[in-house]
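Asker: Build the 3D model from these lines:
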Amino acid sequence: MDKSVVKFSHCKKDIFCFFVPEQCPECGVSFSGRRLEEAPVSIPNPFSNGHKSPCAFLVAPTEENILREFDGGVDLHTGITNTNGVVYNYTKTGVRKDHQGWEHCISIPLVQPDMFNLINQWDQYLEKFSSAQMWDPLWQSFNEETHNCYSYTLMFINCVLATQSKRALSKDEFTQTFVLPRVKRASKYSMLCREISQNHFYTVDSPQSDTRESHSEEDEVRTVAES
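Answerer: Below is the predicted model of the structure:
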């Protein structure tokens with residue numbers, strides 16, 4: 001997963017690999033002295049070390065998924081980092097504070113670097129919110145549907161938005177705008193890595209349009225606090 005995925009085009013195919021080979025895997029033609037139909041582009045890696053992403057919303061496969069891979073069908077777990085990269089996450093035993101275990105996850109920044117007042121109060125907000133009675137399993141039990149890790153993280157985000165005099169985000173709005181596009185991208189990237197690791201290449205027909213995947217894969221860097 002730490003390798004970079006590269007895409008290039010030849011024989012009317014889009015070919016994904018970890019490096020550009022000396023010859024085309026489709027037709028066997030040597031690339032020496034020849035121009036590819038499309039210059040190789042690097043596919044952005046959607047994963048990051050959550051412990052190095054302060055003030056962020058994190059998504060990772062649950063611990064029950066032994067391989068901890070995004071394959072589009074696994075259960076996901078969410079958390080919020082403090083300014084030191086400690087991940088606060090709600091479980092059946094209450095709020096945990098993880099110093100490790102989130103090294104390979106999706107990270108969504110929640111504040112801009114110049115929002116000094118919010119950053120200075122972030123840890124206090126997170127600690128106070130996590131100490132609330134509603135996250136005490138003796139007072140209210142964990143529920144897979146209505147009172148879970150996602151409820152915890154989204155409620156904290158909306159509490160932060162309230163301090164900034166911003167409107168709250170619904171579960172559907174936050175999921176569709178910030179989470180789902182990144183999860184889909186991570187699932188696709190994981191699939192590419194598995195295919196390349198097993199077969200050295202992953203090949204698909206080139207699209208007829210001139211739209212470059214490098215453009216479609218990139219989105220504006222948005223933070224929830226500025227939305």
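Asker: doesn't V59 fall inside a strand?
Answerer: Yes - assigned with DSSP: H, G, I helix; E, B strand; the rest coil, V59 falls within a strand.
Asker: so which helix or strand takes in the residue lying closest to it once chain neighbours are set aside?
Answerer: Excluding its sequence neighbours, the residue lying closest to V59 (Cβ to Cβ, 6 or more residues apart in numbering) is I106, at 4.2 Å. Glycine gets a C-beta too; all of them are placed from N, C-alpha and C. Using DSSP states H and E, I106 maps to strand 106-109.
Asker: Please provide the alpha-carbon coordinates for that strand, formatted as CSV.
Answerer: In CSV, the C-alpha atoms belonging to strand 106-109 read as follows (Å, rounded to 0.1, in the frame of the first residue of the first chain):
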residue,chain,number,x,y,z
ILE,A,106,-8.6,8.2,5.4
SER,A,107,-8.0,11.6,6.9
ILE,A,108,-10.4,14.6,6.5
PRO,A,109,-9.1,17.9,7.9
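Asker: partners of it in the sheet?
Answerer: Here strand 106-109 is paired, per DSSP bridges, with strand 56-61 (antiparallel).
Asker: Remind me what the helix or strand hosting I119 packs against, helices and strands.
Answerer: Per DSSP H and E, I119 falls inside helix 116-130. Identification of packing neighbours for helix 116-130 by 3 or more Cβ pairs under 8 Å, 6 or more residues apart in numbering; DSSP states H and E yields helix 149-163.
Asker: how about the strands in the chain?
Answerer: 5-10, 13-17, 38-43, 56-61, 76-81, 87-91, 94-98, 106-109, 202-205 (DSSP state E).
Asker: for the record, mean pLDDT for stretch 171-185?
Answerer: What stretch 171-185 shows for mean pLDDT is 95.
Asker: out of the strands of the chain, nearest to C24?
Answerer: Ranking the strands of the chain by proximity to C24 (Cβ to Cβ) places strand 5-10 first, at 4.7 Å.
Asker: So E103 sits against G50, correct?
Answerer: Yes - if you go by Cβ atoms under 8 Å, E103 and G50 touch, sitting 7.0 Å apart.
Asker: Between the two, point out the one with more neighbours.
Answerer: Per other Cβ atoms under 10 Å, whichever of E103 and G50 has more neighbours is G50, with 27 against 13.
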